[in-house]
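Q: my questions concern the predicted model and sequence given below.
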Amino acid sequence: MARMKRIAAVVVALAFVSEVHAGITYRFESVTEAASPHVFTGVVKADQGKVRMEVVSGADAQLIFEKGSVVLSSSGSGILTVLNPSKKTYYEMDLGHLLAGAATFMSTPYAKIDVKNPRVSVSKKGSGGSLQGFPTTRSTIDSSFDMVLKMMGETKPPIRLSMTTEVWSTDRLPATAANVIESIRVRTGVESLDKMIDAQTSGVVGFPLKQVTTTRITMNGSTTTGRTRSQVTDIRQSSFAASEFAVPAGFTKVDNPLEAKLNELR
């Protein structure tokens, strides 16, 4: 009888996993404790590599994603589509293009920023226990690099940035279902940094259910520390209409406000 119960439990679990890969919805919250603390929350719908994030709240995040906005993405694409349902407008954000443009500010006739001593290590810590009913693996990512600014021929003291991230991930949910902020692979255009980012992202496999990131910035002998805690809750199986991941009819395309700000600085 006990064996039959275990077999039945496995069958139910496998059925659930196969349906989860078809579509899930969940809530996420990211809490940052720093000089400017803020909370960013949202509801995510994900289905076969397509992701819809509905922004519930977020102080700093409103600089890009306003409260009430909807962000669409798909796996393998660096383009986000941001909807404003109240105004019936939308804009597209090509992260690769924006970051490439931002990288040009690192080298001008008047100032140059060099990235030196990039380091990253990923270590597996074994089982992370159960979160939201899913078994997890705990990993730790340690990374650091130095930024050296040279202005008008004068070299400034280096600024050291170091980060430690603890990740609790599960292989029972598809990694492509992560919210749009987690799922986009960032490219800076700076080779040493991009190699470091690749090592970070490839070091952890699966869907991140929980993350704790501690960031330290050291300059002129003083260190500032910040911490961000992110967690996924309320995971449910769901099925969605294709229209959930498309721009609604009647919406007007507008300019990307972030790119406009970058253009003003050029």
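A: On my side now, so go ahead.

Q: every contact and neighbour count from this point should use C-alpha atoms.
A: OK.

Q: dump the C-alpha coordinates for the helix or strand containing Val55 into CSV.
A: Using DSSP states H and E, Val55 sits within strand 50-58. What follows is strand 50-58, C-alpha atoms only, in CSV (Å, rounded to 0.1, in the frame of the first residue of the first chain):
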residue,chain,number,x,y,z
LYS,A,50,6.8,33.9,-23.5
VAL,A,51,6.6,36.0,-20.4
ARG,A,52,4.2,38.8,-19.3
MET,A,53,5.1,40.8,-16.2
GLU,A,54,2.4,43.1,-14.6
VAL,A,55,4.0,45.7,-12.5
VAL,A,56,2.2,46.1,-9.1
SER,A,57,4.6,48.4,-7.4
GLY,A,58,8.2,49.6,-7.5
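
Q: name the residues that touch that strand?
A: 38-46, 65-75, 176-180, 244-245 (Cα atoms under 8 Å, 6 or more residues apart in numbering).

Q: tell me the helix or strand right after it.
A: strand 70-74.

Q: in the sheet, which strands lie alongside that next one, parallel or antiparallel?
A: Its sheet considered, strand 70-74 pairs with strand 50-58 (antiparallel), strand 79-84 (antiparallel) by DSSP bridges.

Q: touching it from outside, list them.
A: 49-55, 65, 79-85, 180, 245-246.

Q: dig out what Leu161 forms beta bridges with.
A: Counting by DSSP bridges, the residues bridging with Leu161 are Phe145, Ile217.

Q: let's have the chain start at 269 instead
A: Shifting the count to begin at 269 puts that one at Leu429.

Q: what's near enough to touch it?
A: When contacts are counted by Cα under 8 Å, 6+ apart, Leu429 is found next to 412-415, 483-486.

Q: if we go to 6 Å?
A: Contact partners of Leu429, counting by Cα atoms under 6 Å, 6 or more residues apart in numbering, are 412-413, 484-485.

Q: between the residues you listed, which is nearest Ser430?
A: Nearest to Ser430 among the contacts of Leu429, counting by Cα to Cα, is Ser412 at 4.0 Å.

Q: got the end-to-end distance for stretch 302-318?
A: Start-to-end span of stretch 302-318 (Cα to Cα, to the nearest Å) is 32 Å.

Q: what does stretch 344-359 give?
A: 19 Å.

Q: quick check: longest strand of this protein.
A: The single longest strand within the chain, with elements called by DSSP state E, is strand 379-399.

Q: so how far is it from its chain's centroid?
A: Its chain's average C-alpha position is 15 Å from that of strand 379-399, according to Cα atoms, centre = their mean, to the nearest Å.

Q: residues of that strand that come out buried?
A: Within strand 379-399, the residues scored as buried using 16 or more other Cα atoms under 10 Å are 380-381, 383, 386-388, 390, 399.

Q: stretch 404-418 now?
A: By neighbour count with 16+ other Cα under 10 Å, stretch 404-418 contains the buried residues 404-418.

Q: check stretch 295-311 too.
A: For stretch 295-311, the neighbour count (16+ other Cα under 10 Å) marks 295-300, 306-311 as buried.

Q: what's the lowest-pLDDT member of these?
A: Taken together, those show their lowest pLDDT at His306, with 82.

Q: surely that one and Thr300 touch.
A: Yes. The pair His306 / Thr300 is scored as a contact, 5.4 Å apart, by Cα atoms under 6 Å.

Q: Ser337: how many residues sit nearby?
A: 20 (other Cα atoms under 10 Å).

Q: ok, it to Ser437 distance?
A: Relative to Ser437, and taking Cα to Cα, Ser337 is found at 27 Å.

Q: could you do Leu399 as well?
A: From Leu399 across to Ser437, the span is 9 Å (Cα to Cα).

Q: quick one: low-confidence parts of this protein?
A: For the chain, the stretches flagged by pLDDT under 70 are 269-290, 326-332, 364-379, 448-461, 467-471, 528-534.

Q: quick one, strands of it?
A: 292-301, 306-315, 318-326, 338-342, 347-352, 357-362, 379-399, 402-419, 422-423, 427-438, 475-487, 490-505, 520-521.

Q: CA atoms only for the fifth one, dumped as CSV, please.
A: Listed in CSV are the C-alpha atoms of strand 347-352, where the atom choice follows Å, rounded to 0.1, in the frame of the first residue of the first chain:
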residue,chain,number,x,y,z
ILE,A,347,13.7,43.2,-26.8
LEU,A,348,11.1,44.1,-24.1
THR,A,349,7.7,45.5,-25.1
VAL,A,350,6.3,47.9,-22.4
LEU,A,351,2.6,48.5,-22.4
ASN,A,352,0.8,51.4,-20.7
